[in-house]
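> Show me how the following folds:
(chains A and B)
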2 protein chains.
Amino acid sequence: MDLITAIGLVAGILTTGSFIPQIVKIMSHKSAEDVSLLMFLIIGCGQILWLVYGIYINSLPVLLANAVSVLLISFVITLKLRYDGH
Amino acid sequence: MDLITAIGLVAGILTTGSFIPQIVKIMSHKSAEDVSLLMFLIIGCGQILWLVYGIYINSLPVLLANAVSVLLISFVITLKLRYDGH
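Take a look at the predicted model:
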């Protein structure tokens, strides 16, 4: 693997992994009132497009990071909808 | 501009613009308690690396989206630190 792909993969691990503290925070507080649903919906749509872009430009970091992010963001949205009902 | 660059730019506008509702929400609630500081710090570091990656692979969408995102995330972190002191 070349250096730049490695930088891209580390970037992807950070921006993708960044959603995990938010998930932990929502689950421990059992609250997501201050978390913007709109933000996560827009990110989700954007990352589906990044996924398409990553496939076309043949960039493994862009493809991998956004595939995992779409999953994590779906989980944040599920938690937000669940706790906002309380 | 080719189609795939256009898809990348739309993806960038969505994932970058997604931080704006969060900024509006924090400013209107004057609260950011449920917002994860760690999440935004990690995203910020990740996007600086994406910026480097975007420059190296010569991808205008990756470069532009992450340059603007770094600015917006710095603003979210500033707001979080400001309102958490209250």
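> Show the model's pLDDT score for A:Ser74.
pLDDT recorded at A:Ser74 is 93.
> Number of residues surrounding it?
Using other CB atoms under 10 Å in any protein chain shown, A:Ser74 has 12 neighbouring residues. Quick note: C-beta positions are derived from backbone N, CA and C, even for glycine.
> and it, which of the three is it?
Here A:Ser74 is recorded as helix under DSSP: H, G, I helix; E, B strand; the rest coil.
> how much space between it and A:Gly44?
Using CB to CB, to the nearest Å, we find A:Ser74 at a distance of 7 Å from A:Gly44.
> Give me the local confidence score for A:Gly85.
So, for A:Gly85, pLDDT stands at 68.
> Helix or strand with the lowest mean pLDDT in chain A?
helix A:19-29 (a mean of 87; mean pLDDT, DSSP states H and E).
> Could I get the buried residue list for the helix or strand just after it?
Using DSSP states H and E, the helix or strand that follows helix A:19-29 in sequence is helix A:37-56. The neighbour-count criterion (16 or more other CB atoms under 10 Å in any protein chain shown) identifies A:39-54, A:56 as the buried residues of helix A:37-56.
> got any ranges where chain A has weak pLDDT?
A:85-86 (pLDDT under 70).
> can we see that at 50?
Along chain A, no part satisfies pLDDT under 50.
> how about the spatially most central residue of it, secondary structure?
Taking CA atoms, centre = their mean, the centroid of chain A lies closest to A:Ser69, which sits 3.1 Å from it. Three-state assignment for A:Ser69 (three-state DSSP): helix.
> Settle this for me: it is touching A:Phe19, isn't it.
Yes. Shown here, A:Ser69 and A:Phe19 form a contact pair, counting by CB atoms under 8 Å, at 6.9 Å.
> what about the closest residue to A:Gly46 other than its chain neighbours, how many neighbours?
Closest residue to A:Gly46 apart from its sequence neighbours, by CB to CB, 6 or more residues apart in numbering or on different chains: B:Leu14 at 3.0 Å. Counted by other CB under 10 Å, the residues lying close to B:Leu14 total 20.
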